[in-house]
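Chemist: sequence? don't have it. structure:
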């Protein structure tokens, strides 16, 4: 029997987050016919992960809709999963979707927002949540390097939870982009959905870099969907959760 795929998002009081997560759920379900795809949250939205796992019969692969492997990935989810694993049932936690190449998805969102990738001298602010885990923040900085190489323009990282007193870190990033020759600032949100944190960055930019171009969050971009599918099949095959007659990863790739 093909294991259930449980997408796990962080959760938010902002209704836009839940709406976006459900769009991802629908897109993944469409891309993976024959797989039971469900959605749960770590906090603030329902169903919570533990409640969702109680409703799953048989094996399950949990794919976190997170862009960096911080506390939620390393501590929260493993603890919840350990409490719901039993004899004859396996629950496997996959990598976060941010370990899949997503620089092109970020570039696509910038171009959709109006960035002229060929001629406009724009510097990019890659914005992300920010973590207490230094390795998670380093991951975001690596993604910024990838985006810079792809678009051939400077990219600075600003964490929405670490803007600094009077937005000093954001102001410093804008100054560095200006010093590098950027005539315009373009914001690339490394977020699944718009919400309070993306708005916090935008409000600061309205004050310190008016008329900045702001791209949309990644949402249900095809690369996000592919990341989910890839991590599901890797986790399922590596841990032998999938049965021999389940749809293989190669079959999915052939359909794409």
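Modeler: Ah, there it is. What you see is a predicted model; the values in this text were computed from it and never measured.
Chemist: next one: phi and psi at the nearest residue to residue 32 once chain neighbours are set aside?
Modeler: Counting by C-beta to C-beta, 6 or more residues apart in numbering, residue 32 lies nearest to residue 229, which is 6.0 Å off, once chain neighbours are set aside. From N, CA and C alone the C-beta is placed, and that goes for glycine too. When read as degrees, to the nearest 10, the backbone of residue 229 gives phi -60, psi -40.
Chemist: quick one: the helices in the stretch 1-150 of the chain?
Modeler: Taking DSSP state H, counting those that start in this stretch as the criterion, the stretch 1-150 of the chain carries its helices at 15-31, 49-54, 71, 77-82, 103-112, 134-151.
Chemist: Just give me how far the fourth one sits from the chain centre.
Modeler: Read that as helix 77-82. 20 Å (C-alpha atoms, centre = their mean, to the nearest Å).
Chemist: quick one: which of the helices of the stretch 1-150 of the chain is nearest residue 40?
Modeler: Across those, residue 40 has its closest neighbour in helix 49-54 (3.6 Å, C-beta to C-beta).
Chemist: And the closest one, what does it pack against?
Modeler: Applying 3 or more C-beta pairs under 8 Å, 6 or more residues apart in numbering; DSSP states H and E, we find helix 49-54 packed against strand 4-9, strand 37-41, helix 77-82.
Chemist: Swap in 7 Å and give it another go.
Modeler: In terms of contacts (3 or more C-beta pairs under 7 Å, 6 or more residues apart in numbering; DSSP states H and E), helix 49-54 is packed against strand 37-41, helix 77-82.
Chemist: List of residues touching the first one?
Modeler: In this case it means strand 37-41. For strand 37-41, the external contacting residues (C-beta atoms under 7 Å, 6 or more residues apart in numbering) are 4-11, 21-22, 25, 28-29, 47-49, 52.
Chemist: right, and the residue nearest to residue 32 touches residue 29 too?
Modeler: No: here residue 229 does not reach residue 29: they are 10.8 Å apart, not a contact under C-beta atoms under 7 Å.
Chemist: Compare neighbour counts for the two and give me the winner.
Modeler: Remark: of residue 229 and residue 29, residue 229 carries more neighbours, 23 against 17, as counted by other C-beta atoms under 10 Å.
Chemist: Give me the pLDDT for the more buried one.
Modeler: With respect to pLDDT, residue 229 has a value of 97.
Chemist: Could you check how far it is from residue 146?
Modeler: 21 Å (C-beta to C-beta, to the nearest Å).
Chemist: cool, residue 23 as well?
Modeler: Using C-beta to C-beta, one gets 25 Å for the distance from residue 23 to residue 146.
Chemist: out of the two, which sits in the more crowded spot?
Modeler: residue 146 (17 against 14).
Chemist: Please name the nearest non-neighbouring residue to that one.
Modeler: residue 103 (4.0 Å).
Chemist: From residue 136, how far out is the one you found?
Modeler: Distance from residue 103 to residue 136, by C-beta to C-beta: 17 Å.
Chemist: what residues are up against the nearest residue to residue 171 once chain neighbours are set aside?
Modeler: Among residues not flanking residue 171 along the chain, residue 208 sits closest, at 5.2 Å (C-beta to C-beta, 6+ apart). Shown in contact with residue 208 (C-beta under 7 Å, 6+ apart): 167, 170-171, 174.
Chemist: ok, 10 Å please
Modeler: Counting by C-beta atoms under 10 Å, 6 or more residues apart in numbering, residue 208 touches 166-168, 170-171, 173-175, 185.
Chemist: In JSON lines, list those residues along with neighbour count.
Modeler: What follows is the contacts of residue 208, written out as JSON lines (neighbours: other C-beta atoms under 10 Å):
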{"residue": "166", "neighbour count": "11"}
{"residue": "167", "neighbour count": "19"}
{"residue": "168", "neighbour count": "11"}
{"residue": "170", "neighbour count": "25"}
{"residue": "171", "neighbour count": "18"}
{"residue": "173", "neighbour count": "24"}
{"residue": "174", "neighbour count": "22"}
{"residue": "175", "neighbour count": "13"}
{"residue": "185", "neighbour count": "22"}
